[in-house]
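[1] Predicted model and sequence follow; I will ask about them next.
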Amino acid sequence: MAIKNAYLNSVYEDLAGRYPEQAEFLEAVHEVLETLVPVVEADPRYEQQNIIGRIVEPERTILFRVPWVDDQGKVQVNRGYRVQFNSAIGPYKGGLRFRDNVNLSIIKFLGFEQIFKNSLTTLPMGGGKGGSDFDPKGKSDGEVMRFCQSFMTELVKHIGPDTDVPAGDIGVGGREIGYMYGQYKRLTNTHVGVLTGKGLTFGGSLARTQATGYGLCYFADAYMKANGQSFEGKRVVVSGSGNVATYANEKATQLGGKVVAMSDSNGYIVDENGIDFKIIKEIKEVKRERIKTYLDYVPSAQYVEGCSGIWNVKADIYLPCATQNEIDEASAKAIVANGAIGVFEGANMPCTPQAIEVIKSAGLLYSPGKASNAGGVATSGLEMSQNSERLSWTFDEVDAKLRGIMETIYADCAAAAEKFGKPGDIQVGANIAGFLKVAEAMLAQGVAY
Ligand code: NDP
């Protein structure tokens, strides 16, 4: 659909013509530009200095070969990516994703979203993202280690504690970060905060593992309270069963909700008594098994093959925490028909544009991932601070800072939405609040990029 401002529309059309194959990236850009119409109309400098034309093009895109040797002695090759999207307000910061479907479009969409998300945290971090089409699932620890070492052997040339600080994402957890950090240290002979999500014995921050899931619930809680609602006594559906989903379950339960369904890419489980996050942790983090083995622990639960049906499970609160475009129009209609209060995104871009339209026009609360999942990168920012100061804060200190940051992000989004004539629209507020700070920095720095 055409964007209702000639300048914004021409930037988008130019981009779509140049990268027609990058569907996810174009989807993410369109979603942001559409909401910036009142901002661009209120301040002619953004067009005069072509801020939008510049912000949609990464400052630097790095593509590289990652060769490694599997357990059979065969040489395998994967593709590595790091997109350094925008450094206007700080060093590039954003996770690495290891998944077989990773391509440049996915990394660019994630990197673009990261610019605004990092700005919303109020911490000085630019936007970047990277990864590989290597999937750790089904690989031995030795294979994952050799891959991570090879990946870092190239990535080391492009990152640094004041340049670019990667972290985890899908397929990259504590194990992968540990192997990459070990190789970085070996290659540079330095012990610095160049990756976040590190183990606690070598510079990691307490509460980083929990931060995205906890932060999501703190955000949803603040948003619901402003609308006379809360987690107390509510049924909750959480998609995924990885890092974000597991700790979203824990915090939603602590806040009084009952998580009745969770999934992986094969299927979903329903437990009317509430899914115990500790069992999910055991299955996914320790045993690295499929979610259907939950039935070995709780025989009264149900397992359904295929993950998309999870949105039919009746609930008040939906927390998509798996992957992009997992809620399409039909799933959104099911959520509305279930009488839900709201959808709060833990994953990046889990709702298609059509799904967002259905959810918002039915009057449900809706928060975009760039606001409600910003707790992970915010706590990564706190890890960077602790590394620089050679300090380590307690779990409670970090958790309290995280909660404060999420409440501030909610308030900033709500205020920006109000100021630009869309009161209560957190999607619009998040894009505008995230954009303004980055755009101001770009204007002040001249045509530097
Ligand atoms: P994990 O790898 O820990 O978990 C991902 C989960 O999502 C797994 O249960 C996985 O299932 C499932 N999944 C992945 N792809 C698909 C798919 N195509 N269809 C259905 N299910 C799928 O990743 P994270 O929890 O770290 O990340 C989840 C989401 O949150 C991503 O969108 C990520 O970008 C976002 N995010 C993560 C942050 C973090 O701190 N980790 C920070 C901010 C956002 P399976 O086991 O079958 O692969």
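    Yep, that arrived.
[2] Check which helix or strand S10 maps to.
    Using DSSP states H and E, the element containing S10 is helix 6-18.
[3] Any residue of the helix or strand that comes right after that helix touching the ligand?
    Counting by DSSP H and E, the element after helix 6-18 in chain order, helix or strand, is helix 23-35. No: Helix 23-35 is not in contact with the ligand by Cβ under 6 Å from any ligand atom; minimum separation 11.3 Å. C-betas here are computed from N, CA, C, even on glycine.
[4] List the buried residues of helix 23-35.
    Within helix 23-35, the residues that qualify as buried are 24-35, counting by 16 or more other Cβ atoms under 10 Å.
[5] Over to stretch 138-158?
    Buried-residue list, stretch 138-158, by 16+ other Cβ under 10 Å: 139, 143-153, 155-156, 158.
[6] Out of these, the closest to A167 would be?
    Nearest to A167 among the buried residues of stretch 138-158, counting by Cβ to Cβ, is L155 at 12.7 Å.
[7] for the closest one, what are its contacts?
    Contact analysis of L155 by Cβ atoms under 8 Å, 6 or more residues apart in numbering lists 64, 80, 82, 130, 166, 180.
[8] Quick one: name the residues of the protein near the ligand.
    For the chain, the contact set with the ligand under Cβ under 6 Å from any ligand atom comprises 137, 168-171, 173, 212, 240-245, 264-266, 307, 321-323, 326, 346-348, 373, 376.
[9] re the thing from before, what helices or strands is the helix holding S10 leaning on?
    helix 23-35, helix 37-42, helix 51-55 (3 or more Cβ pairs under 8 Å, 6 or more residues apart in numbering; DSSP states H and E).
[10] Can you tell me which of the buried residues of stretch 138-158 end up in helices?
    143-153, 155 (DSSP state H).
[11] Let me have those residues in TSV, adding pLDDT as columns.
    Below are those laid out as TSV (pLDDT from 0 to 100):
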residue	pLDDT
E143	98
V144	98
M145	98
R146	98
F147	98
C148	98
Q149	98
S150	98
F151	98
M152	98
T153	98
L155	98
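[12] could those go into CSV alongside distance to Q49?
    Output for these, formatted as CSV (distance: Cβ to Cβ, whole Å):
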residue, distance to Q49
E143, 48
V144, 45
M145, 46
R146, 46
F147, 42
C148, 41
Q149, 43
S150, 41
F151, 37
M152, 37
T153, 39
L155, 32
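[13] Spatially central residue for the protein, please.
    For the chain, N348 is the residue whose C-alpha lies nearest the centre (Cα atoms, centre = their mean; 4.4 Å).
[14] I'd say that residue and N373 touch.
    Yes: N348 is in contact with N373 according to Cβ atoms under 8 Å; the separation is 6.9 Å.
[15] Selecting buried members of the residues of the chain next to the ligand in PyMOL, what would you type?
    This is the PyMOL syntax for the buried subset of the residues of the chain next to the ligand, where burial follows 16+ other Cβ under 10 Å:
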select buried, resi 168+169+170+171+173+212+240+241+242+243+244+245+264+307+321+322+323+326+346+347+348+373+376
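[16] quick one: the helix or strand hosting Q427 to helix 23-35, angle?
    Element membership of Q427 [criterion: DSSP H and E] is helix 426-444. Calculated by axes from the mean of the first three to the mean of the last three Cα atoms, to 10 degrees, helix 426-444 forms an angle of 90 degrees with helix 23-35.
[17] Right, and the ligand sits closest to which residue of this protein?
    Closest to the ligand within the chain is G242: 1.7 Å, counting by Cβ to the nearest ligand atom.
[18] Report the separation between that residue and T323.
    Going from G242 to T323 by Cβ to Cβ, to the nearest Å gives 10 Å.
[19] shared neighbours, these two?
    Common neighbours of G242 and T323, using Cβ under 8 Å, 6+ apart, are I170.
[20] What ranges does the stretch 51-200 of the chain have for its helices?
    For the stretch 51-200 of the chain, applying DSSP state H, counting those that start in this stretch gives helices covering 51-55, 104-120, 141-155, 174-188.
[21] what's the answer for the stretch 301-449 of the chain, then?
    329-337, 353-361, 369-372, 375-389, 395-419, 426-444.
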